[in-house]
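1. below is the sequence, then the predicted model.
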Amino acid sequence: MKRKFQFAILAATVVGFAQPALSHDDAKHQQHAARPVSSEEKPFGREGDPKRVSRTINLDMSDQMRFTPAELTVKQGETIRFRVKNSGKTMHEMVLGTMKDLKEHSDMMKKHPGMEHDEPYMTHVAPGKMQTLVWQFTKSGEFHYGCLIPGHFEAGMVGKINVKP
Ligand SMILES: [Cu+2]
């Protein structure tokens with residue numbers, strides 16, 4: 001717990017909604033979804049409602065430490081369902097954020113490699129598996145997605161998302 005606590009302090013903006021179950025409008029969401037959709041607004045958007053997906057984007061993660069595609073363009077307001085496949089033989093993850101968020105998070109992962117955490121803007125995918133992540137890009141700008149497993153981000157496992165107004 002201590003590690004998690006330190007992480008929470010150093011990356012408060014990242015884990016600011018660690019308890020979405022307590023947010024004020026969950027009752028409304030629960031009528032529509034099995035799990036409440038977080039209403040927390042991040043600098044790079046918010047968790048998307050799986051029932052209001054604009055389109056699906058397939059992403060592949062490989063042991064060559066690459067995302068394919070490595071660059072995406074979406075329109076502001078779009079809700080994207082990412083189908084994230086791990087075609088490698090080691091664990092990979094996709095974490096959305098600003099470049100600053102990802103760098104800070106990557107540093108934390110290096111200091112605490114065993115740290116476990118889960119947030120709506122990330123998905124961990126076991127070798128040969130596929131996971132989905134639904135995200136709404138409510139703000140325009142340049143954002144990124146990275147694999148923050150120690151060594152992967154540094155090896156170039158990062159992609160760019162251009163959100164057009
Ligand atoms: Cu990776």
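-> Thanks, I have it. Just so you know, these numbers come straight off a predicted model, no measurement behind them.

2. got the buried residues for stretch 111-128?
-> 112, 117, 119-125 (16 or more other CB atoms under 10 Å). Where C-beta positions appear, they are placed from N, C-alpha and C, glycine not excepted.

3. tell me which parts of this structure are close to the ion?
-> 92, 147, 149, 152, 157 (CB under 5 Å from the ion).

4. what helix or strand is the fourth one on?
-> When secondary structure is defined using DSSP states H and E, no element contains H152, which sits outside every helix and strand.

5. I'd say it and D63 touch.
-> No - with contacts counted by CB atoms under 8 Å, H152 stays clear of D63, the gap being 9.5 Å.

6. look at those two and report which has more neighbours.
-> H152 (22 against 14; other CB atoms under 10 Å).

7. now the more buried one: closest residue in space, sequence neighbours ignored.
-> Nearest residue to H152 in three dimensions, chain neighbours excluded: M65, at 5.4 Å (CB to CB, 6 or more residues apart in numbering).

8. quick one: the helices in the protein, in order.
-> 2-10, 26-30, 99-111 (DSSP state H).

9. got a pLDDT number for the residue nearest to R83 when sequence neighbours are not counted?
-> The spatially closest residue to R83, leaving aside those adjacent along the chain, is N58, at 4.9 Å (CB to CB, 6+ apart). pLDDT for N58: 98.
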